[in-house]
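# Show me how the following folds:
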Amino acid sequence: MSDKKPGADTPVILYDEYCNLCSATVKFVLRNDPRGKFSFLGLRSGKRKKWYPLSVNEGAFKSVILVENGEKYYRSGAVLRIFRRLRFPVNLLYGFVLVPRFIRDPLYNRIAKNRFRWFGRREAPLEVAPRWKDRFMDS
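Numbers count the residues shown, from 1 in each chain. The predicted structure is shown next:
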């Protein structure tokens, strides 16, 4: 991918590239996004710092972040918006948007807080298959 920041028409998933759960989620999205709607960028990458500066309040490293049409979405809201764009039947999971955020986000936060303990930590960033390299903005 080029060094140019993606346009408003390219949704970008910011993820913790050292988190096993996050890496598994990225692989899940890649398998269920055959049209390549999403690009990916590691939260610790230099390009993320340049293109998408995050404040401490934004929960950097504790949340998947979806940047879509210039807006940032966090936690369960980001995950559900991602599901909505994936192929059937995964896109049906978007129906959980009917569950109020005050219920969804605490559950998301609990998983995020314990993700390293439950799923482990990677020693190196996710290594991606050559067919998907162009979807990763920091490769």
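
# count of residues packed around the nearest residue to Asn32 once chain neighbours are set aside?
Using C-beta to C-beta, 6 or more residues apart in numbering and skipping residues adjacent in sequence, the residue nearest Asn32 is Leu86, 4.2 Å away. Where you see a C-beta, it was placed from the backbone N, CA and C, and this is true even at glycine. Close neighbours of Leu86, defined as other C-beta atoms under 10 Å, add up to 21.

# Over to the one 10 residues further on?
Neighbour count of Phe96, defined by other C-beta under 10 Å: 13.

# Okay, the residue nearest to Asn32 and Glu123: tell me how far apart.
Using C-beta to C-beta, to the nearest Å, Leu86 is found at 29 Å from Glu123.

# next one: Asp33
27 Å.

# which of these two has more neighbours?
Asp33 (19 against 6).

# didn't Leu66 look like it was pressed against Val12?
Yes: at 7.3 Å, Leu66 counts as touching Val12 under the criterion of C-beta atoms under 8 Å.

# any low-confidence regions in the protein?
1-9, 46-47, 49-62, 139 (pLDDT under 70).

# List of residues touching the longest helix belonging to it?
Scanning the chain for the longest helix, with DSSP state H as the assignment, gives helix 101-119. With C-beta atoms under 8 Å, 6 or more residues apart in numbering as the test, helix 101-119 has contacts from 19-22, 24, 62-63, 75-77, 79-80, 96.
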